[in-house]
Structures are given as C-alpha cells and as structure tokens.
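Student: I need the structure of the sequence given here:
(2 chains)
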Amino acid sequence: MLTLDNVTKRYGSLTALDGVSLRIEAGEFFGLLGPNGAGKSTLMSLVAGLRAPDGGEITLDGQPLSAARPEARAELGLVPQHIALYPKLNADQNLRIFGQLYGLDGATLRQRIDEALEAMQLADRRRDPVSTFSGGMQRRLNIVASLLHRPKLLLCDEPTVGVDPQSRNAIFEFLEKLNREGLTVIYSTHYMEEATRLCSRIGIIDHGKIHALGTLDQLLLKLPFEEEIRFPAGEATAALAAQLGGHGSVEKEDEQCRFRPHSGYKLSSFYQLTESLGLPARLFTSQRPTLEALFLHLTGRNLRE
Amino acid sequence: MRTILVLVRKDFANFFRNKAAVSLTFVVPFALIWLFGTIFTGGKDSGPTGIKLAVVNASANPGAQKLVAALQAEKTFRVVTTTTGADKVERPLREEDLQTLMHDDAFRFAVVIPPDLFDEKSFGLHLKIYTNPRNEIETQLVNGILQKTIFSNVPQLLGQALIARGRGIVGAETLARFNRATADNVARSFGGNADEILKQIEAGDFGLSRITGGSGDSGTGDSLVNRAIRIDSVQVVGQDVKSPRATQLVGGWAMQFLLFALSAAATALFYERDHGIFHRLLAGPVSRAQILWSKFIYGICIGVIQLTVLFCGGRLLFGIDVEHHAGLLILTCAFAAAACTSFGMLLASITSSQEAASGLATFVILLMCALGGAWFPVSIMPQFIQQFSKLTIVYWAIEGFTQVLWANASFVELLPILGVLGGITAVVMAIAVSRFNRGNIFG
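Tutor: As a prediction, the model looks like this:
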C-alpha cells in the first residue's frame, strides 16, 4: 500500500531521515518506535505530504504521494502530535469544519460526526467548547477529526502524549477496532508498551535510520537472549549475581538485578543454582525481553534518552 | 526577601527575553514622542509647511501684490497662483477655477483678492477665502496663519483703503492737496521731511501698525482691524455634510481600530501553526494558497463588518450621513480592509511568533496612524515627514473615506484612491506570500 524507497530528508546539516526504505501493507497496524528526535515526525510529515523528501520516493498504491496530488492526500488522515483543534469552538463545530474540508456535507457529515462522537464517548459534550475538555477528551477528539472522511491510511504521530490511562485505553480500543475493520495505521510512539500492544509490525528508528523491522516476535529474536530474569539486588542475592556473570549479562537497575542469559543457557540450570544458594523461587520473575531491551541492544541507548 | 528578589529577577529575565515587550515599553513610546515633538515643538523643521494655498489676485493695487508676497513668504503655505488650462498651457488662476480645483482636492484653501479690494464707497478691505474644511484642525490652523499674515499687512492696506475712500468722497485733486497740506503740517509740528511724510501718507502708512502692533495680535487695534476687513468665506466642499466634525474624524479612528483588529486576526496564523492545525489542514486536500486566501478573504469580511458597524454607530450617535454613500463607503471599506489584512499578513510573515508580531504591529500601527493623518492632519507635519505619509495605508484609507463622506465623490473620482489601496494590497500581499512560502509559518 505505502512504500518508502530510500527516502532522505535533511534540515541544513542535520539528516533527519537517512535512506529509509519501508513497505506497509494494507490493513497493517505499523508502529514506528523511537526516542524523541529519532525522525518519526519527519517520516510522518513526508508521508502526509507536508514536506517533500530530498531524496527517494514515497508511493501510495503505486502512485507517487506528492503534495501536488490532493486526491491522494484525501486518502490519508493525519493525527498530529498537537491537539490540532479550535479550542473556542465546540466539538461539533470542529468536526464539521474538518469534515467539510474533505467534501462531506449534509446527512453524511451529520452521521459521521454522530458516529465519531459516539465512538469516542463525547456525544454528551458535543456542544461544549473544546477548551473545557480534559486532555484525554481533547486527544480523542483530535483523533476522530482525522477519520471523518474515512481515510485508507491513518497516520498517528504520538497521539497519546499526556493522556490519562483511561483515555489511552479508549483510544487504543478505538484504533484497534478501526484496524480490524480494515484501516491501515502508522503509529509513531516512543512508548514501547504502545507499540507492543497495538502494532502488528514495528520499525525501530533512531538517528533517521530504521534499525530493525518486523513483528514483535521477529524483532525480539534479534536479541541474544530469550528470557529476562529479575530479582531484588542485595546481600542475599549478591552471590547469585556474581555466579550468573559467566552465563549472561547481569545489570543492576533501581534495586533490581536483571539477568539476560546467553543463548543456550537453560532456565533449569538457573533454578538449580538458586536452590543451591537457598534462595526462594518467589524472588525471581521471568519474562520475555522487551522492545526497550532490543532498542538498547541495537542503538546502545535507552528509548527514554 | 530573598524569594521576592529571585521572583523579581525572574520577571526581569522574562521581560528582556520578550522582544515585543521591550519594544512596546521603550521603542514605541520613544518613536511617538519623537514624532509628536517634531510636529508640535519649535524645532528647525517643526510646524506645518507647504500647505497649498491658491491665491487669485484680481486687484491692480500694488498693496495686493504686497499681500501676495507676504503669503508667499509664509513657510506654512505653498502659494499656487497658476493652473494649467485644457490647452495644457499654464495661466494665472482665476476665481472661477477655484471650485473645480478644490473639488479635485488640488488645494483646500484659496484667497481671492478681488478687484474691489478697496471700495471707494465704503471704508475697509474686501477679501474672499475659499475653504474645503475637511479637517477641523487643519482648517483652524490655516485660517489662523492666513489671518495673521493678512493682519500683519493690513495697517498699510487700511491706509490705502482710507485714501481710496477719501478719493471717492472729495476727488483725487482735493485729496492730493489735503495730503500735501497734512505732510507739511506734520513736518512743521513734529519734524521730519515733508516729502517723505507725503510718500508715507500716499502709501497708506498712517502709523496704524503702531496701533495694531502689526502682527494681528488680539487687542484693541485688532478689533479695529477686524471691523475694517470684510472677508467673505466660501466653503467649497462639505457644506451639506450633516455632522461635519464627526465626519472629519471618523475615518482616522476607524482605520486605527481596523488595523489593530486585522493585525490580530492575521497573527492568529501563529496559533494554528503552533497547534498543528496547519499540519492537519495541509495533510488533507487543502493547499497553502487556499489557507492564505481564506485568511485574506476573512480579513476583508471582518474589516468591512467592523467598519460598517463603526460607521453605523457614527450615524446613530453623531448623525454621520452614511446611508447616502453606502455603496461607495462599503467599497472603500473593502479596499481599506484588504490593505490592512495584507499588512497583518506581512507582519505574520516576517516575524517568528505571535508575541513578536503583536509587538511589531502595535509599533507600526501607531506610527502609521500618526504619519497617515489619523490623529492630526498630515499637512501640519514637517515637509520631510509628510513624504512618508503617502506610504501608509492609513493616509489613503482616510483619503478614501473623506472623499466619500465629505466630498461626496463619485465612483470615478474615488477610483485613483481605490487604485492606490489596491496596489498597496497587491504589493504587500505578494511580499507576504513570498515570505510565507520561504518561512516556517506552515511548520
């Protein structure tokens, strides 16, 4: 559906995107995961036609997606990072404006607005100025304002920044429902939890380059360990931590030790060791490694940096 | 106390970081003080200069020529004595030319020295003054200086008037003998050369200047002079205007409010940029040009509505005759609003934030209002400042409103002013659009 072929974008001496190539299929929920300044918003703005790439090509359904093709852009919906609404106008007026810009009117527009407000649980506040909404409500409205024209491809540029957990869940469920109904979504975030929960495929981006691309399982296979075991740091576990060093990496973080065993190291060996040291099993938590760990592995820095 | 000092220091740091606040606090007042000072204080180039004054001298009396010379010497006036006829040949102005030329705003004041400057049948002088008092301050000022100039020269003219009157009563020969005898008697009684005294008497110099002070200052002598001069005033333009004072003022004030309103509207572009609204719009089937055109059209509409409300308010409160000029007034409002909108968009295109744009807008608007004649007539400013007046939107918009409401101008007569406003709009918008395309207003 959407193809980026060796796309480059520079701002002066800064290379924001460096030869990015991507192919996103129809119906995908594609996540773009990276820290602030990684190039996510630049990539979104190029796909949205807000800027032109300095090199490479972007195509939608095989056609070049340039700013000069408004009919192509009508197939896109952009949820900007900011709450791009008119705060003094009410929810209904905001949606009406954005719907009309996409050529909707009359009963169709009315129906789409009703559906959108209903889906985002904002129907009872439709006549209230947006400025009186909570941050979460504004975010929800910000999203549906991009969907009235029923785009094929929705670009969500960090759409949950500053949102409370309840609104975040509502947004996730709404986007998941739309995706199940066939909407292709590109979702940029620096929250690995969001990418993990929502995205069928994830691209890890940093310094303008895609470092890894694939499903969550495919990405995690790139790590040299399959499990991650955590236990409290302290005198009781100091001997264990010392002995584990030969079988993988042990890192101390926030009073917790994180053991990432080398590939081939068996968990049964680990538990034999803890038993021999007289440490109770309740101290240990085993889990799959996270995208955070993968990001660190790939880039040498944390997602939050 | 330490806490308070820290907070105070914080406020200072914020203040000096805010260029708009700094310019509003220091630069704007300084610039306006300088401008007002230059206009109203006694500097080298201060005071009104170069106000066009047409002078028609239909009198053969040498005193009349002296009066013309006195008017020409007055720096307030730029005396016009000739005009170009239909055959493109320059010729002396005639009284019958004045009304047409004043309707065309070639000049707003004219003095006619009629053939009967001195009437042999009655004592005193006769002058005619034609005015287009479209601006009260300007008119009072010109009248004041005109009277001062005339009165400074009146005593001698008055003497000539006396001689003329005497000649009419007793005849030239008897008057000559009377003057000769008077000169001899004065020389005999008080000393002096009898021939010189006779010359002075025949020139009309009876020493009245020493009674009146010769300067037109108020006093008993002035009253005498006042009674001795008959000035016929003819108002050429605006004589039928219902509420002259309000009509004269409304254009300038309307422009001031219009500029503030439309600059604020244009600088709201920054809000839409900073909140990603332009990104949302541009990601859809909306182009940059459409956004700018929408802002431009919105500016014109809101400007026309604002001006219409202002003029209707003027109609209700002061009886300004709006209804008879509605069509041309709305047209002028539209052109003025277009020019003001383009100005606001230019400000938005050359600044980087709403605060900076607002600060610059305040400065430029106040300056334009002062220079353009919104507060006081352009003609009372020094000549070098007047050169800048015609570069302002305010000047041309006021010209337009005055032509419609005061001079009852026709569409054709209004066209040149509308053309200038349209030209300003086109040029300023072209610069603004070019800047927008190269700048970061669209993120």
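
Student: let me see the confidence value for the spatially most central residue of chain B.
Tutor: In chain B, the centroid-proximal residue (CA atoms, centre = their mean) is B:P377; its distance is 3.2 Å. With respect to pLDDT, B:P377 scores 83.

Student: which residues touch it?
Tutor: Residues counted as contacts of B:P377 (CB atoms under 8 Å, 6 or more residues apart in numbering or on different chains) are B:135, B:137-138, B:141. (Glycine included, C-beta is placed from N, CA and C.)

Student: point out where the stretch 251-400 of chain B drops to low pLDDT.
Tutor: For the stretch 251-400 of chain B, no stretch has pLDDT under 70.

Student: that older thread, and which of the contacts of B:P377 is nearest to B:L421?
Tutor: Sorting these by distance to B:L421 puts B:N135 at the head of the list, at 19.6 Å, by CB to CB.

Student: so what's B:W253 up against?
Tutor: B:W253 neighbours (CB under 8 Å, 6+ apart): B:310, B:374.

Student: where's it, which helix or strand?
Tutor: Assessed by DSSP states H and E, B:W253 sits inside helix B:244-267.

Student: next SSE downstream of that helix?
Tutor: Sequence-wise, the next helix or strand downstream of helix B:244-267 (DSSP H and E) is helix B:269-274.

Student: what's near enough to touch residue 172?
Tutor: You didn't pick a chain, so chain A it is. A:194, A:197-198.

Student: again, only using 7 Å
Tutor: When contacts are counted by CB atoms under 7 Å, 6 or more residues apart in numbering or on different chains, A:F172 touches A:197-198.

Student: for chain B, see how far away it is.
Tutor: Going from A:F172 to chain B by CB to the nearest CB, to the nearest Å gives 21 Å.

Student: surely that residue is within a strand?
Tutor: No - read with DSSP: H, G, I helix; E, B strand; the rest coil, A:F172 is helix and lies in no strand.

Student: picking up where we left off before, possible to save the contacts of B:P377 as JSON lines with neighbour count, secondary structure and pLDDT?
Tutor: Output for the contacts of B:P377, formatted as JSON lines (neighbours: other CB atoms under 10 Å in any protein chain shown; DSSP: H, G, I helix; E, B strand; the rest coil; pLDDT from 0 to 100):
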{"residue": "B:N135", "neighbour count": "24", "secondary structure": "coil", "pLDDT": "81"}
{"residue": "B:I137", "neighbour count": "15", "secondary structure": "helix", "pLDDT": "81"}
{"residue": "B:E138", "neighbour count": "23", "secondary structure": "helix", "pLDDT": "83"}
{"residue": "B:L141", "neighbour count": "19", "secondary structure": "helix", "pLDDT": "84"}
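
Student: returning to what we had before: nearest spatial neighbour of the residue nearest to the centre of chain B, skipping sequence neighbours?
Tutor: Leaving aside its chain neighbours, B:P377 sits nearest to B:E138 (3.9 Å; criterion: CB to CB, 6 or more residues apart in numbering or on different chains).

Student: surely the one you found meets B:S379?
Tutor: Yes - in this structure B:E138 lies within contact range of B:S379 using CB atoms under 7 Å: 5.3 Å.

Student: what sits closest to B:L307 if chain neighbours are left out?
Tutor: Nearest residue to B:L307, sequence neighbours excluded (CB to CB, 6+ apart): B:C333, at 4.1 Å.

Student: count of neighbours near that neighbour?
Tutor: 25 (other CB atoms under 10 Å in any protein chain shown).

Student: then B:T182?
Tutor: 15.

Student: name the element it belongs to?
Tutor: Per DSSP H and E: helix B:172-190 holds B:T182.

Student: in that helix, what counts as buried?
Tutor: In terms of neighbour count (16 or more other CB atoms under 10 Å in any protein chain shown), helix B:172-190 has its buried residues at B:175, B:179-180, B:183, B:186-187.

Student: dump the residue contacts of B:N14.
Tutor: Going by CB under 7 Å, 6+ apart, B:N14 touches no other residue.

Student: where does it land in three-state SS?
Tutor: Assignment for B:N14 (three-state DSSP): helix.

Student: distance of it from B:V8?
Tutor: Distance from B:N14 to B:V8, counting by CB to CB, to the nearest Å: 11 Å.

Student: all helices of chain A, in order?
Tutor: Using DSSP state H, the helices found in chain A span residues A:40-47, A:70-73, A:91-101, A:106-119, A:135-144, A:165-180, A:192-198, A:216-220, A:235-244, A:267-276, A:291-299.

Student: which of those helices is buried the deepest?
Tutor: Mean neighbour count, computed with mean count of other CB atoms under 10 Å in any protein chain shown, is highest for helix A:40-47 among the helices of chain A, reaching a mean of 25.

Student: what's that one packed up against?
Tutor: strand A:2-11, strand A:14-24, strand A:153-157, strand A:184-189 (3 or more CB pairs under 7 Å, 6 or more residues apart in numbering or on different chains; DSSP states H and E).

Student: please see if stretch B:347-359 touches chain A.
Tutor: No - counting by CB under 7 Å from any CB of the partner chain, chain A has no neighbours in stretch B:347-359; the shortest distance is 14.8 Å.

Student: CA atoms only for that stretch, dumped as CSV, please.
Tutor: The C-alpha coordinates for stretch B:347-359 follow below in CSV (Å, rounded to 0.1, in the frame of the first residue of the first chain):
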residue,chain,number,x,y,z
LEU,B,347,3.7,41.2,9.8
ALA,B,348,2.9,37.5,10.4
SER,B,349,5.3,36.5,7.5
ILE,B,350,8.3,38.5,8.8
THR,B,351,8.0,37.6,12.5
SER,B,352,8.5,34.3,14.2
SER,B,353,5.9,34.3,16.9
GLN,B,354,2.5,35.8,17.8
GLU,B,355,4.1,37.9,20.6
ALA,B,356,6.7,39.4,18.2
ALA,B,357,4.1,40.1,15.6
SER,B,358,1.8,41.8,18.1
GLY,B,359,4.6,44.0,19.3
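
Student: buried residues, that stretch. List them.
Tutor: B:347-349, B:351, B:353-354, B:356-359.

Student: so what touches that stretch?
Tutor: Contacts of stretch B:347-359 (CB under 7 Å, 6+ apart): B:18-21, B:23-24, B:263, B:266-267, B:269-271, B:360-361, B:432, B:435-436, B:439, B:441.

Student: and chain A, which of those residues reach it?
Tutor: Of the contacts of stretch B:347-359, not one also sits near chain A (CB under 7 Å from any CB).

Student: pretty sure B:W396 contacts B:L421?
Tutor: Yes - under the criterion of CB under 7 Å, B:W396 makes contact with B:L421 at 5.2 Å.

Student: between these two, who's got more neighbours?
Tutor: Each of B:W396 and B:L421 has its neighbours counted (other CB under 10 Å); B:W396 has more, 28 against 24.
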